[in-house]
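# Need coordinates for the following:
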Amino acid sequence: MSRITCWLKSLALVALILMAIGVHVTRKHLRKLPDTMAKIPSKRYSVPVTENLTPAEPSTNRLEASLDSDLAALIEAGNALPNFFLKRRGQDKAAYRNISISFVHYPKSGGTTIKDCLIKMASKAGKPDPVLVFAKNVANTKEQMLNGELEKAKIFMGTNGFTLCEYLHPKRCAYFTMLRDPYDRMVSHYYFCKDGGQSNAPCQQSIEKFALLVRSIFLHQMASGVNKCEQDSRLKWSCASKRRSLDKIVNYNSTKEEMVLNYLERKLVDTFAVVGLLEEYETSLALLQEALGLPFYDECITEFSNSKINNTDQRALERIASKKKLLENEDVRKALDADIRLYRKAKELFEKQKERSRRYWKN
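A predicted model of the protein is given here:
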């Protein structure tokens, strides 16, 4: 019996020893396990983690990578002076005096009055007449600028006034504009056309269909200014008259168009020396006069040009009803979304400009 007992005890001891060795080996293997797993390719985890991250904010580099490089450079507006009230920083006020200026005319937003005012100011100051820039002559204007034929010109204005500052490099230049609620602007545009005013879109149709043809004008004014310009063997510049629309530049890709819009929203403060609003016309003139040192308020306050509006009570009621139709139409809202967003941003900038303006608080 004693031999059997001793034998059983020996077996138990051996078992305990083997168990101890097994635990040690297992622990040692577990410590190495992560390194081993790291070397094993797994289809489940092969998707890069970055695909789940929120996309970075658009930048010039992103624009250049995703869009036409010429468009990216132009909407960067690197030669334009930033907002006088909000981004001037260490620059002296003198940097905004006696420089070239370009008025970006957003139609039916008080722009004709501003253009008439600019002509009057230039005449009184003995300066060359302002250069009117529109779709049919913008390529020729850029050729003249590049070839040094407009050296004396100081004032540019028109619906195609944006991007011109880039053709004046290295001379600095300032953009300014007057904006308006896009729905009100569309109603004004529609009835201006019906009263015989010029319009690219036909107005012998409902205002909703008219709005769907016109769409967001300001977005396309800022992002469709690419005219291909090249030098010939004599170093003379020539610019192609045909420009590509934003739709074609982004190849009808809504994601890329959204990228451009987001970028332009942020760039308004860097691109425009002053942003005015028709709804606060007098204050806008005062801000322009303070920033650019030209008598906008003194010369323009008593004028209001291009008033072909039939201001009868019946027409006023028609306008109210027309705006209501636009506001209730989801397709129209989408068509005007870009200008609505840019206008909302412009209103924020306008309030900040007023806060910084000395003239505004004095009055």
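
# pull the helix or strand with minimum mean pLDDT from this structure.
Scoring the helices and strands of the chain by mean pLDDT, DSSP states H and E places helix 2-38 at the bottom, with a mean of 48.

# show me the contacts for Leu246.
Counting by CB atoms under 8 Å, 6 or more residues apart in numbering, Leu246 makes contact with Leu219, His220, Ala223, Ser224, Glu257, Val260. Glycine gets a C-beta too; all of them are placed from N, C-alpha and C.

# Poorly predicted segments of the stretch 201-350 of the chain, please.
224-226, 244-245, 247-252, 304-311 (pLDDT under 70).

# which residue ranges form the helices in it?
Assigned by DSSP state H, counting those that start in this stretch, the stretch 201-350 of the chain shows helices spanning 207-214, 217-223, 246-249, 254-271, 281-292, 296-300, 313-328, 330-356.

# In TSV: those, plus distance to Leu235.
Formatted as TSV, these follow (distance: least, CB to CB, whole Å):
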stretch	distance to Leu235
helix 207-214	41
helix 217-223	30
helix 246-249	28
helix 254-271	30
helix 281-292	34
helix 296-300	39
helix 313-328	51
helix 330-356	38
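
# show me what contacts Pro295?
Met121, Gln289.

# What distance do you get for the residue nearest the centre of the chain to Ala338?
Central residue of the chain (CA atoms, centre = their mean): Leu264, 1.8 Å from the mean position. Distance, Leu264 to Ala338, by CB to CB, to the nearest Å: 9 Å.

# who touches both of those two?
Joint contacts of Leu264 and Ala338 (CB under 8 Å, 6+ apart) are Leu219.

# Would you confirm that Lys194 contacts Cys203?
Yes - judged on CB atoms under 8 Å, Lys194 makes contact with Cys203 at a distance of 5.1 Å.

# how about the closest residue to Asp181 other than its chain neighbours, what does it touch?
Closest residue to Asp181 apart from its sequence neighbours, by CB to CB, 6 or more residues apart in numbering: Tyr343 at 6.4 Å. Counting by CB under 8 Å, 6+ apart, Tyr343 touches Leu179, Arg180, Asp181, Pro182, Phe218.

# Inside helices: which ones of those?
Taking DSSP state H as the definition of helices, those contribute Pro182, Phe218.

# Break down the stretch 101-250 of the chain into its strands, ranges please.
Taking DSSP state E, counting those that start in this stretch to define them, one finds strands in the stretch 101-250 of the chain at 131-132, 155-158, 173-179, 229-231, 237-239.

# Take those strands and write them to a markdown table, including distance to Gly111 and mean neighbour count.
Shown next, in a markdown table, are the strands of the stretch 101-250 of the chain (distance: least, CB to CB, whole Å; neighbours: other CB atoms under 10 Å):
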| stretch | distance to Gly111 | mean neighbour count |
| --- | --- | --- |
| strand 131-132 | 12 | 19 |
| strand 155-158 | 8 | 24 |
| strand 173-179 | 6 | 25 |
| strand 229-231 | 26 | 12 |
| strand 237-239 | 24 | 18 |
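
# which one of the ones you listed lies closest to Glu351?
Nearest of the strands of the stretch 101-250 of the chain to Glu351, taken as CB to CB: strand 173-179 at 13.3 Å.

# Can you list the neighbours in contact with that closest one?
77, 79-81, 84, 96, 99-106, 109-111, 114, 161-162, 164-165, 218, 271-278, 281, 284, 288, 291-292, 342-343, 346.

# sorry, back to before: how much space separates the residue nearest to the centre of the chain from Arg356?
22 Å.

# Which residue, other than its chain neighbours, is closest to Ile119?
What sits nearest to Ile119 in space, not counting adjacent residues and going by CB to CB, 6+ apart, is Pro130, at 5.9 Å.

# Quick one, grab the pLDDT at the one you found.
If you check Pro130, the pLDDT there is 97.

# Tell me the bridge partners for Ser238.
Beta bridges link Ser238 to Glu230 when assigned by DSSP bridges.

# Next one: it from Asn137, what distance?
For Ser238, the distance to Asn137 - CB to CB - is 14 Å.

# try Lys209
For Lys209, the distance to Asn137 - CB to CB - is 30 Å.

# got it, and Met157?
For Met157 relative to Asn137 (CB to CB), the value is 12 Å.

# Quantify the burial of Leu150 by counting its neighbouring residues.
Per other CB atoms under 10 Å, the neighbour tally for Leu150 reads 20.

# Quick check, pLDDT for it.
93.

# same question, Asn200
pLDDT, Asn200: 88.

# Let me see the contact set for Asn140.
Cys239, Ser241.
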